[in-house]
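Colleague: I would like the atomic coordinates for the input below:
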Amino acid sequence: MAKSIGLDELRLGVCYYPEHWEEALWEDDFKRMTEMNISTIRIGEFAWAIFEPEEGVYDFGLFDRALDAAQRHGLQVIMGTPTATPPAWLTHKYPEVLNASIDGTLYRHGMRRHYNYSSPKYRELCAIITREMAEHFKDHPAIVAWQLDNEFNCETNTFYAEDDHAAFREWLREKYGTLQALNEAWGTVVWSQTYTDWEQVHLPRPTVADSPNPHLALDEKRFISDNTIAFARIQAEILREVSPQHRITTNGLFGHLDSHALTDGLLDYFSYDSYPQFSTIFSGNDDKPLLDRKWSLNLSTVRDISPNFCVMEQQAGPGGWVNRIDMPSPRPGQMRLWTYQSVLHGADLVMYFRWRTATVGTEIYWHGLNDYHNRPNRRVKEAARVGKEFAEIGSRIAGTMYTANVAILRDYDNEWDGELDVWHGPLTAQSVNAWYKQLQYRHIPADVVNVRGGEPDAKLLGRYRVLIYPHAAIMTGQTAELLARYVENGGKVIFGARTGYKDERGHCRMQPFPGPVAELCGITVEDFTLIKGTVKAPKLRWTSESAAEQNVENKSVQAFAESFNDILQIEDSAVEVVAEYAESYYAGSPALTRRKQGAGEAWYYGAAFSEVVVDELIGRLGLESPVRSWLQAPEQVEIGIREGRKGRYVFLLNYGEEAAKIEVSEARIDLLTGEKIEGETEIPAYGVRILEWTT
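Modeller: Below is the predicted model of the structure:
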């Protein structure tokens, strides 16, 4: 069962670094926090050199005083273990703790996260500092939780130190048992890669074509995830032993880490760092990007780990290091908008990063609420407004959960395999973006669900009317059976090109694609081609008129089968051809099919999904906004619902720089203002409304 933070009211917090500021500032800082209804601070995660200035010498005095000051002002504290930033004495004395690049070059002191998880010495030293901190701080009344490390696998998510290679071999011995089994799993018969001694086995190393064995590369990611969790477990077990009254969390999501397994095994709830402008500055060539609104997709993934979670770092200003990442200042209202974006998607504790902008170091341009001058500014006023609103509505919202009847499926194996495999990896980002964007613009809430196999998945997936599993190249028999049962019971599942042609080892199956779901879909793949370079995407021809085709406005919109084309062959007379390829040597061949089974349907599309195709499918699937009967809003407004025993609340978030007109045909109360909303009204630029939906 997913783990949630379990608060009875929305809470506001902020990250604070007492070691960065004169103690004379603390009292005023904490006083102003409480006046803004900030109840929680996070401290300590980068302070190892303060806690242990030399090996075996501990000094907790500065943080004792900071905790006492926080306690005087009624602030609760999340204490971080400082293992993301080993001090200089440590890396100098024990260089074996350092991480290395793929060519073996050590990452030296001067940054953060420059260690490797596999080093026995680093694990020993981390256990010591964690135990010393736990023993010292366990009884301090201000502390309510611990954060493990900080952002596991941020900065880098690959590890090539000597200890990593050794740990990888041990992990492989446990997984495969024999070299014969390893060689079979990795297909080492190709290119004479067969291993005859365990010492010959390494993590990927530089190769002539910069292309490692793909099955080794997949196992590398699985190893990194397991190894990261094993490293985190050392700290978690010490904290459980010494300080069992405190809750444990950590902040993600980062690559090559199964955050679901991490949370299930070690944490009380998951936390996330929310910086919506990353989506804005990395929006690519999208001609109609979601921009900061796309961050809701990340928050949906977090929600699958912890339905109610903590945002450990919420963007509170322009962001940037001295040498990379330059994000502009949030416009008036945007910081509040992003806060409610997090709340809509399940955050019950939101902590701004940071209280005051640093005057020294790499992050001197990563702004917090307060500027360098420490005088009032608009961001502080905006946070104070949020604090006031949390105090007024927080007890009604906390504990309710985001609701949706559509889910986008993902899984770690395909995500990791797709990093190297360009024949399916790039398709997923395109298709997920197209689906999520159009669902957002049509005001249809969607979840992101990680497929893990087994009965818990069966129960979870049964909640949804429609599942979108775009390009699951790796498809196990267990997952295929799970999806067949889902369809039999009335669900609709949509697959895309390159589904099911690999097993869990990454081997291509010697059977017709789409492998384990071929029978469910009633088709096989007769032929296929990449759509790339001089090979152009062919037009699609719908075989029956749709609502979109009847709409004069959309008659000029032509759909193309983009990025990859599976040419389909019908294997079951129950299959309906919904669209055909209209061009190329396979013109007239099926491109999109539907097969009914039991009470449900299995759809297969032989390409990557585009926005035009998704729009057509949304209509054919009968998907509509759950508030369509009484609420109309423009595309620029995100609509989502949180629901629980406390009530049902519709969030309206305006991401536009202009006011948005909405039409409410049934009177609703806006929780934020207390006013009754009916008829035509506006949401200001970057504004928020939360409507109580009573029936």
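Colleague: Confirm for me that residue 10 is in contact with residue 397.
Modeller: Yes. Assessed by CB atoms under 8 Å, residue 10 is found in contact with residue 397 at 5.5 Å. Any C-beta I mention is one placed from the backbone N, CA and C, and that applies to glycine too.
Colleague: Compare these two and say which is more crowded by neighbours.
Modeller: More crowded of residue 10 and residue 397, by other CB atoms under 10 Å: residue 10, with 26 against 22.
Colleague: so what sits against both of residue 10 and residue 397?
Modeller: Any residue near both residue 10 and residue 397 by CB atoms under 8 Å, 6 or more residues apart in numbering counts here, and that gives 343, 348.
Colleague: check contacts around the residue nearest to residue 101 when sequence neighbours are not counted.
Modeller: The spatially closest residue to residue 101, leaving aside those adjacent along the chain, is residue 160, at 6.3 Å (CB to CB, 6 or more residues apart in numbering). Applying CB under 8 Å, 6+ apart to residue 160 gives the contacts 99, 100, 101, 102, 103, 104, 203, 204, 205.
Colleague: one more time with 10 Å
Modeller: 99-107, 116, 168, 202-206, 220 (CB atoms under 10 Å, 6 or more residues apart in numbering).
Colleague: Same question for residue 495.
Modeller: Listed by CB under 10 Å, 6+ apart, the contact set of residue 495 reads 409, 467-472, 475, 483, 514, 517, 520-521, 523, 566, 593, 602-606.
Colleague: Narrow the residues you listed to those in helices?
Modeller: If you go by DSSP state H, the contacts of residue 495 have 483, 520, 521 in helices.
Colleague: Can you list the buried residues in stretch 561-570?
Modeller: 561, 562, 563, 564, 565, 566, 567, 568, 570 (16 or more other CB atoms under 10 Å).
Colleague: what helices or strands is the lengthiest strand in the chain leaning on?
Modeller: Determined from DSSP state E, the single longest strand within the chain is strand 660-670. Where contact means 3 or more CB pairs under 10 Å, 6 or more residues apart in numbering; DSSP states H and E, strand 660-670 is packed against strand 631-632, strand 637-644, strand 647-654, strand 676-683, strand 688-692.
Colleague: let's see it at 6 Å
Modeller: Strand 660-670 sits against strand 676-683, strand 688-692, with contacts defined as 3 or more CB pairs under 6 Å, 6 or more residues apart in numbering; DSSP states H and E.
Colleague: Quick one: residues in contact with the last one.
Modeller: In this case it means strand 688-692. Residues from elsewhere that reach strand 688-692 (CB atoms under 6 Å, 6 or more residues apart in numbering): 340, 649, 650, 651, 652, 653, 668, 669, 670, 671, 672, 683.
Colleague: buried subset of these?
Modeller: Buried positions within the contacts of strand 688-692, assessed by neighbour count (16+ other CB under 10 Å), are 340, 649, 650, 651, 652, 653, 668, 670, 671, 672, 683.
Colleague: what about the helices in the stretch 1-150 of the chain?
Modeller: Counting by DSSP state H, counting those that start in this stretch, one finds helices in the stretch 1-150 of the chain at the ranges 23-35, 48-51, 61-72, 88-93, 120-137.
Colleague: Export the ones you listed as CSV, with columns for mean pLDDT, distance to residue 618 and mean neighbour count.
Modeller: Shown next, in CSV, are the helices of the stretch 1-150 of the chain (pLDDT from 0 to 100; distance: least, CB to CB, whole Å; neighbours: other CB atoms under 10 Å):
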stretch, mean pLDDT, distance to residue 618, mean neighbour count
helix 23-35, 98, 45, 15
helix 48-51, 98, 51, 19
helix 61-72, 98, 50, 17
helix 88-93, 98, 53, 16
helix 120-137, 98, 49, 19
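Colleague: ok so, going back, show the buried residues in the contacts of residue 160.
Modeller: The buried subset of these (16+ other CB under 10 Å) comprises 99, 100, 106, 107, 116, 168, 202, 203, 204, 220.
Colleague: now for the residues you listed, which pair is the farthest apart?
Modeller: Across those, no pair lies farther apart than 106 and 220, at 19.4 Å, counting by CB to CB.
Colleague: Return the set of buried residues in stretch 687-695.
Modeller: 687, 688, 689, 690, 691, 693.
Colleague: should've said stretch 610-622
Modeller: 610, 611, 612, 613, 614, 615, 616, 617, 618, 619, 620, 621.
Colleague: swap in stretch 108-120?
Modeller: Going by neighbour count (16+ other CB under 10 Å), the buried part of stretch 108-120 is 109, 112, 113, 114, 115, 116, 117, 118, 119.
Colleague: Compute the first-to-last residue distance for it.
Modeller: Using CA to CA, to the nearest Å, the end-to-end distance of stretch 108-120 comes out at 18 Å.
Colleague: who touches it?
Modeller: For stretch 108-120, contacts defined as CB under 6 Å, 6+ apart pick out 84-86, 88, 91, 96-99, 107, 122, 155, 159, 161, 163-164, 167, 227-228, 231.
Colleague: Kindly give a single PyMOL line that selects the buried subset of those.
Modeller: In PyMOL, this line selects whichever of the contacts of stretch 108-120 come out buried by 16+ other CB under 10 Å:
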select buried, resi 84+85+86+91+96+97+98+99+107+122+159+161+163+164+167+227+228+231
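Colleague: Please list the members of the contacts of stretch 108-120 that lie in strands.
Modeller: Reading strands off the contacts of stretch 108-120, I find no matches (DSSP E).
Colleague: which helix is the longest one in this protein?
Modeller: Ordering each helix of the chain by length in residues (DSSP H) puts helix 214-242 first.
Colleague: buried sites along the next helix or strand after it?
Modeller: Counting by DSSP states H and E, the next helix or strand C-terminal to helix 214-242 is strand 247-249. By neighbour count on 16+ other CB under 10 Å, the buried set for strand 247-249 is 247, 248, 249.
Colleague: Report the distance from the very next helix or strand once past strand 247-249 to the chain centre.
Modeller: Downstream of strand 247-249, the next assigned helix or strand under DSSP H and E is strand 251-252. For strand 251-252, the separation from the chain centroid amounts to 9 Å (computed by CA atoms, centre = their mean, to the nearest Å).
Colleague: likewise stretch 273-280?
Modeller: Computed by CA atoms, centre = their mean, the chain-centroid distance of stretch 273-280 equals 12 Å.
Colleague: what sits up against that stretch?
Modeller: In contact with stretch 273-280 (CB under 6 Å, 6+ apart) are residues 251, 291-292, 294-295, 311-315, 327, 338, 342.
Colleague: redo that, cut-off 7 Å
Modeller: Applying CB atoms under 7 Å, 6 or more residues apart in numbering, the contact partners of stretch 273-280 are 151, 251, 290-292, 294-295, 299, 311-315, 319, 327, 338, 341-342.
Colleague: With stretch 181-188 instead?
Modeller: Against stretch 181-188 from outside (CB under 7 Å, 6+ apart): 172, 176, 194, 195, 213, 215, 216, 505, 507.
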